[in-house]
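K.L.:
curious how this folds, go ahead:
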Amino acid sequence: MTTIAEFLANEHRGCDEGFTAAEEAAQAGDPARCRADFQRFQAAMERHFQKEETMLFPAFEQATGNAMGPTRVMRLEHQQMRETFAEIDGVLANGDLEEFLGQAETLLILMQQHNIKEEQILYPMCDRFLGDAVETVIQAMRNLPGG
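P.N.:
Sure thing, here's the model as predicted:
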């Protein structure tokens, strides 16, 4: 049986690879490829956020009776990353790869801190509290568009 921790940590790795591709394109001085890679990365991150926000977090909140705990913090961090994505989109629209690399460093720190909290704390909690419903929640996340 796949756990939520395994399923979503795997998605983190896939998103990280997309982010790395965008950084490598910027370092190679290829603004068109950087922008395309970043847009793919951003779309993957948004799909990942949607899985958590529409399926996982509500299931966890219902199981625990708590909507003000770790899921609230994760939603706030998702919003912070979305705001950074928007800033980076503007930088890339201007073709400023140096500024992109600076913003990318900030985003990388946000993502690393966020992923550690999810992978080491929230996902294991979800696996524990959801118990027999884990497979149903994973299937629901897979069934989302782009899942």
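
K.L.:
for Cys15, give its distance to Met125.
P.N.:
21 Å (Cβ to Cβ, to the nearest Å). Glycine gets a C-beta too; all of them are placed from N, C-alpha and C.

K.L.:
middle-most residue in this protein, spatially?
P.N.:
Nearest to the geometric centre of the chain sits Met45, at 4.3 Å (Cα atoms, centre = their mean).

K.L.:
so which strand or helix has that residue?
P.N.:
helix 31-51 (DSSP states H and E).

K.L.:
mind listing residues that contact that helix?
P.N.:
8, 11-12, 14-15, 18-19, 21-22, 25-26, 78, 81-82, 85, 88-89, 92-93, 95, 97, 100, 141, 144-147 (Cβ atoms under 8 Å, 6 or more residues apart in numbering).

K.L.:
by contact count, what packs against the very next helix or strand once past that helix?
P.N.:
Downstream of helix 31-51, the first helix or strand assigned by DSSP H and E is helix 57-64. In terms of contact count using 3 or more Cβ pairs under 8 Å, 6 or more residues apart in numbering; DSSP states H and E, helix 57-64 is assigned the packing partners helix 70-93, helix 123-130.

K.L.:
quick check: buried residues in helix 57-64?
P.N.:
For helix 57-64, the neighbour count (16 or more other Cβ atoms under 10 Å) marks Phe57, Ala59, Phe60, Glu61, Ala63, Thr64 as buried.

K.L.:
with stretch 74-91 instead?
P.N.:
So, applying 16+ other Cβ under 10 Å, buried residues of stretch 74-91: Met74, Glu77, His78, Met81, Thr84, Phe85, Ile88, Val91.

K.L.:
show residues contacting it.
P.N.:
Counting by Cβ under 8 Å, 6+ apart, residues outside stretch 74-91 touching it are 38, 42, 45-46, 49, 52-53, 57, 99-100, 103-104, 106-107, 110-111, 114, 117-118, 122.

K.L.:
so Ala9: helix, strand or coil?
P.N.:
At Ala9 the chain is in helix, as set by DSSP: H, G, I helix; E, B strand; the rest coil.

K.L.:
any idea how far Gly102 is from the closest residue in space to it that isn't next to it in sequence?
P.N.:
With sequence-adjacent residues excluded and distances taken as Cβ to Cβ, 6 or more residues apart in numbering, Ala9 is closest to Glu119, at 5.1 Å. Using Cβ to Cβ, Glu119 is found at 26 Å from Gly102.
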